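*Asks:* Fold the following and give me the result.
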Amino acid sequence: MTLQWAVAAGAEETLVIDTMEPRLEFARRGGATYTLACSVADAVPSAEKLMGGLPDIVADATGHAAVFQAALKLVKTQGRLLLIGDTGEPTEQRLSGELIRRSLTVHAAHGTTRFHDRDLHGVAKLFFKLVSSGRFPLEHMITNTFSPDDAEAAYRLANESRGDTMGILFR
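*Replies:* Numbers count the residues shown, from 1 in each chain. Here you go, the predicted structure:
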């Protein structure tokens, strides 16, 4: 979803890093310019080579506290790190010297965040406008379709097959 927002907003180049190849295939179908099958901690040299330097903006949508420090190393000097995933335990995310030495900026957002220029209703309105115009395609994100009566099976699948499940549609 984060990649889709970046592409819809006009990102010129995007890089998606994941250890699970099925998720990288979803990313390629979603418009990722580059993909890397590795951990974020191991991605810096390859990212620099692919993109001709470190990215200006890195979005961490994992919700894993351990990714935070690795993501700080992936952002170029004076770049921005966006924290989108919720760890549930923010105290586990530790700042490192990278933040100060390289003048990085960290922005955090969550689904309930209110923005100065757009409330939740405004974000939803923009989302549906982008979907209906084709700038935010969803078809490639739906991997499974269920009846609402099969919600238990859908959630079981999402929990047990995270790498192979991108989006679940209830009909």
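*Asks:* Can you read off the backbone torsions of His107?
*Replies:* The phi and psi values for His107, taken as degrees, to the nearest 10, are phi -120, psi 140.
*Asks:* from what I can see it touches Gly79, true?
*Replies:* No. Assessed by C-beta atoms under 8 Å, His107 is found out of contact with Gly79, at 11.2 Å. Placement of C-beta: from N, CA and C, glycine included.
*Asks:* More neighbours: which of the two?
*Replies:* Gly79 (17 against 12; other C-beta atoms under 10 Å).
*Asks:* Tell me which stretches of the protein form helices.
*Replies:* Secondary structure of the chain (DSSP state H): helices at 2-8, 21-29, 44-51, 65-74, 97-101, 120-133, 151-160.
*Asks:* mind saving the C-alpha coords of the last one as CSV?
*Replies:* Only the C-alpha atoms of helix 151-160 are listed here, as CSV (Å, rounded to 0.1, in the frame of the first residue of the first chain):
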residue,chain,number,x,y,z
ALA,A,151,-13.9,-14.6,7.6
GLU,A,152,-12.2,-17.1,10.0
ALA,A,153,-10.5,-18.9,7.2
ALA,A,154,-9.4,-15.6,5.6
TYR,A,155,-7.8,-14.4,8.8
ARG,A,156,-6.1,-17.8,9.3
LEU,A,157,-4.7,-17.6,5.8
ALA,A,158,-3.5,-14.0,6.3
ASN,A,159,-1.7,-15.0,9.5
GLU,A,160,-0.3,-18.3,8.3
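*Asks:* Below-threshold pLDDT in this structure: ranges please.
*Replies:* 110-117 (pLDDT under 70).
*Asks:* What residue in this structure is the furthest from its centre?
*Replies:* Asp149 (29.8 Å; C-alpha atoms, centre = their mean).
*Asks:* contacting residues for that residue?
*Replies:* For Asp149, no contacting residues are found, by C-beta atoms under 8 Å, 6 or more residues apart in numbering.
*Asks:* do Phe127 as well
*Replies:* Phe136.
*Asks:* Now do it against Leu95, distance only.
*Replies:* Phe127 sits 32 Å away from Leu95, going by C-beta to C-beta, to the nearest Å.
*Asks:* What of Ala32?
*Replies:* 28 Å.
*Asks:* ok, the two, which is more surrounded?
*Replies:* Each of Ala32 and Leu95 has its neighbours counted (other C-beta under 10 Å); Ala32 has more, 21 against 12.
*Asks:* Would you quantify the distance from that one to Leu24?
*Replies:* 8 Å.
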